[in-house]
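# A structural model of the following input is requested.
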Amino acid sequence: MAAAAVNFPKGKYYALTWSIPDNYGGMTSAMLHRCRAFRRLGEVKVEVLTLDDRPDYAELSAKLLASGELTEGVSIRNLWDDLRRRNLKPAANQKSPLNAAELLAPAPDDRVVEHDGVVLVRERRDGHGAVVSSDRFRRDGSILATERIDESGHTVMLYNAEGQPVRRWGSRWKLYRWWLDRVFKKRLSYLIIDSKTAARFVPGYRREYVVTLHLVHASHRDPESAEPKLRASREAVLKRSNDFDSVVVLTERQREELVHDLGELGIDASEVVRVIPNGINLPPAEATEHARGGGIVVASLDERKRVELAIDAVVAARETAPEVRLDVYGQGDRADAIRAKIERQGAESFVTMHGYHPDAREGFKRADFSLLTSSSEGLPLVLVESMAVGCIAMAYDIRYGPADMIRDGVTGYLVPDGDTALLAQRIVELQRMPEAQLNSMRNKAIARSQEFSDEAIAKRWVREFERALGAKRIRDAAGEPLPTRLRRRAGVVRRRVRRVLGH
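Below is the predicted model of the structure:
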């Protein structure tokens, strides 16, 4: 077998997310892509860990394998499915037997999850929608777990195959941490936490053999606040950034802002917050024929993507450049409203909506330019896909991503957020640009895109794994005797030297 393209450090590799829904979006897609890239380039196995009640992970895994979203060496392990297969035993230090909970009698408003005719979950909520009781079952119908929340407290209990209670905790988070211990088995493991929901319990999970890296896929700031403020959904986790071994964001601008925002709260996270963009499996560089005047949008047709602004810009550009036209690929809840807008503007002859198309991105090879008019992004890889084949990317300068990817006027165009008139002007300028200058811009865009290739990004992850492990070992040794601390520091230095020398 040929040597791996990227030399990953020894250890086990995991991604932690809450769930994998049927119609998953960008975060899950980016996570699965990263896992495949690690496997393909580093020949490491990657396990995706999930915590939800989805009952059909076996079927989902088969479906994702068939579609290429999973590959050999990339697999999914769900908490509850894993527990159903385990031979659960009492804790070694358990001194007295546990009392089993009384099972829930079926009620009309219960949430029930079934699979192949077997009830796997029965869940009950109070009048405010909060879970107060739940029962989980094995696939043979026997009880697996009970959870009760009342005035006396919170109790989570696991049962063996004979229905006897064998484990008890005071919160589900404690169960999650216990399960992770059984997954990692005290082996050196690198855990990337992709989901902000799953990340909530990880700051309290500190093990000398587990390196925790929380990847923040989207903006950390509250978009409704006039002043910089952490999103409510991220605040509790990000305030504990220093309890992770690494917090990874996708762009330099977001790193600067996150470090600043935490600093305003008295938290110095400058050492732990790092930058690693999402990667993309770029095709080999090739010369393609770009039809002058042809624009393309590949986006979900939702409120955040603001595709209507791209249409406005094209309509305005045609006043002086009548050759300009636009192809729109995507689907979403704004599709009908966008279609109606095209009709109102009399743009049906030069704006075409294609809906969802699996090969939509092939359009970048033919289009003259692409437009991104979102209100916010994490790191829009659609820009990289455009630039990689020389399609000139034009984007609003939003948080986050475009400014980290496009050098205005050199590898594409950045336009102030919402400035449709200037976006239209840039489209016109592109049509009037001399061919030699345009080709130079296309070539520079292609070169810039290579910095986001899977191989380049995998190497950045490798460097961060090694940095985070070294920093963790030094920090964990802080209370140990001086000789131990010195040995740990020496070990960190040796690993860095070996990496530099390629050993």
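# which sections of this protein are below the confidence cut-off?
Within the chain, the segments meeting pLDDT under 70 span 1-2, 285-287, 479-503.
# Which other helices and strands does the lengthiest helix in it contact?
Using DSSP state H to define each element, the chain has its longest helix at helix 454-476. Other elements packing on helix 454-476 under the criterion 3 or more Cβ pairs under 8 Å, 6 or more residues apart in numbering; DSSP states H and E are helix 26-42, strand 210-215, strand 246-249, helix 482-501. For the C-beta atoms, the positions are set from N, CA and C on the backbone; glycine is no exception.
# and it with strand 210-215, angle?
Put simply, helix 454-476 runs at 130 degrees to strand 210-215, going by axes from the mean of the first three to the mean of the last three Cα atoms, to 10 degrees.
# Pull helix 454-476 out as CSV, backbone CA atoms only.
Presented in CSV, the C-alpha positions along helix 454-476 are these (Å, rounded to 0.1, in the frame of the first residue of the first chain):
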residue,chain,number,x,y,z
ASP,A,454,-8.4,18.5,1.7
GLU,A,455,-4.7,17.8,1.9
ALA,A,456,-3.7,21.3,2.9
ILE,A,457,-6.5,21.4,5.6
ALA,A,458,-5.7,17.8,6.8
LYS,A,459,-2.1,18.9,7.5
ARG,A,460,-3.4,21.9,9.5
TRP,A,461,-5.5,19.5,11.6
VAL,A,462,-2.4,17.3,12.2
ARG,A,463,-0.4,20.3,13.4
GLU,A,464,-3.3,21.2,15.7
PHE,A,465,-3.7,17.7,17.1
GLU,A,466,0.0,17.7,18.0
ARG,A,467,-0.1,21.2,19.5
ALA,A,468,-3.2,20.5,21.5
LEU,A,469,-1.8,17.2,22.8
GLY,A,470,1.5,18.9,23.8
ALA,A,471,-0.3,21.8,25.5
LYS,A,472,-2.6,19.3,27.3
ARG,A,473,0.3,17.3,28.7
ILE,A,474,2.1,20.3,29.9
ARG,A,475,-1.0,21.7,31.5
ASP,A,476,-1.9,18.3,33.1
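# Could you check it and say which residues are buried?
Neighbour counts over helix 454-476 (16 or more other Cβ atoms under 10 Å) mark 454-455, 457-462, 464-473 as buried.
# next one: stretch 56-74
Quick answer for stretch 56-74 (16+ other Cβ under 10 Å): D56, Y57, L60, S61, L64, E69, L70, V74.
# which among those residues gets closest to P97?
Y57 (32.7 Å; Cβ to Cβ).
# Quick one: residues contacting the closest one.
T50, I76, N78, D81 (Cβ atoms under 8 Å, 6 or more residues apart in numbering).
# Excluding chain neighbours, what is closest to it?
Of all residues not flanking Y57 in the chain, N78 sits nearest, at 4.9 Å (Cβ to Cβ, 6 or more residues apart in numbering).
# If that neighbour is in a bridge, with which residues?
Beta-bridge partners for N78, by DSSP bridges, are T50.
# Distance-wise, check it relative to I192.
Counting by Cβ to Cβ, to the nearest Å, the separation of N78 from I192 is 17 Å.
# swap in V48?
From V48 over to I192 the distance is 10 Å, taken as Cβ to Cβ.
# shared neighbours of those two, anything?
Contacts common to V48 and I192, judged by Cβ under 8 Å, 6+ apart, are Y14, A15, L16, M31.
# so can I have TSV of the residues you listed showing distance to E147?
Below are the shared contacts of V48 and I192 laid out as TSV (distance: Cβ to Cβ, whole Å):
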residue	distance to E147
Y14	25
A15	26
L16	21
M31	27
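# Among the residues you listed, which one sits closest to R86?
Distance to R86 across the shared contacts of V48 and I192 (Cβ to Cβ) is lowest for Y14, with 17.7 Å.
# Is the closest one part of a helix or strand, or is it coil?
Classification of Y14 using DSSP: H, G, I helix; E, B strand; the rest coil returns strand.
# ok, the residue lying farthest from the centre of the chain to P165 distance?
The outermost residue of the chain relative to its centre, with distances by Cα atoms, centre = their mean, is S96 at 43.7 Å. Distance from S96 to P165, counting by Cβ to Cβ: 11 Å.
# Ok, R463 next?
From R463 to P165 the distance is 46 Å (Cβ to Cβ).
# now do V44
According to Cβ to Cβ, V44 and P165 sit 38 Å apart.
# need the contact list for L104.
By Cβ under 8 Å, 6+ apart, the contact list for L104 reads D110, R122, R124, S133, S134, D135.
# mind running it again at 7 Å?
Applying Cβ atoms under 7 Å, 6 or more residues apart in numbering to L104 gives the contacts R122, R124, S133, D135.
# Now the residue nearest to the third one when sequence neighbours are not counted. Its backbone dihedrals?
Read it as S133. Residue nearest to S133 in three dimensions, not counting chain neighbours: R124, with 4.5 Å by Cβ to Cβ, 6+ apart. R124 adopts backbone torsions of phi -130, psi 140, taken as degrees, to the nearest 10.
# Double-check R124 against P108; I have them as touching.
No: in this structure, R124 is not within contact of P108 by Cβ atoms under 7 Å, at 10.8 Å.
# Can you check the distance spanned by stretch 443-454, start to finish?
20 Å (Cα to Cα, to the nearest Å).
# Please identify the buried residues of that stretch?
Buried positions in stretch 443-454, judged by neighbour count with 16+ other Cβ under 10 Å: K444, A445, I446, R448, S449, F452, S453, D454.
# D261 and E114, how far apart?
Taking Cβ to Cβ as the measure, D261 falls 45 Å from E114.
# Comparing the two, which shows the higher neighbour count?
D261 (18 against 12; other Cβ atoms under 10 Å).
# Skipping its backbone neighbours, what lies nearest the more buried one in space?
P228 (5.3 Å).
# residues contacting the one you found?
Residues in contact with P228 (Cβ under 7 Å, 6+ apart) are R221, E257, D261.
# before we move on, what about L423?
Contacts of L423 (Cβ under 7 Å, 6+ apart): A313, M394, V415.
# ok, and the first one, which helix or strand is that part of?
By that I understand A313. If you go by DSSP states H and E, A313 is part of helix 307-317.
# What is the helix or strand just after that helix packed up against?
Per DSSP H and E, the first helix or strand lying C-terminal to helix 307-317 is strand 325-329. Contacts defined by 3 or more Cβ pairs under 7 Å, 6 or more residues apart in numbering; DSSP states H and E place strand 325-329 against strand 291-298, helix 307-317, strand 351-355.
# 6 Å instead?
strand 291-298, strand 351-355 (3 or more Cβ pairs under 6 Å, 6 or more residues apart in numbering; DSSP states H and E).
# got the residue ranges for the helices in the protein?
Taking DSSP H to define them, one finds helices in the chain at 26-42, 57-67, 79-85, 172-184, 232-238, 252-264, 307-317, 335-344, 381-388, 402-405, 420-432, 435-449, 454-476, 482-501.
# Now do the second one and helix 26-42, the angle between them.
Okay, so that is helix 57-67. Orientation of helix 57-67 against helix 26-42 (the same axes, to 10 degrees) gives an angle of 60 degrees.
# my guess is E323 contacts G293, does it?
Yes: look at E323 against G293 with Cβ atoms under 6 Å: they come within range, at 3.7 Å.
# between these two, who's got more neighbours?
Comparing E323 with G293 by other Cβ under 10 Å, the one with more neighbours is G293, at 21 against 13.
# quick one: the more buried one from D116, how far?
The spacing between G293 and D116, counted by Cβ to Cβ, is 55 Å.
# got it, and E348?
Note on E348: its distance to D116, by Cβ to Cβ, is 49 Å.
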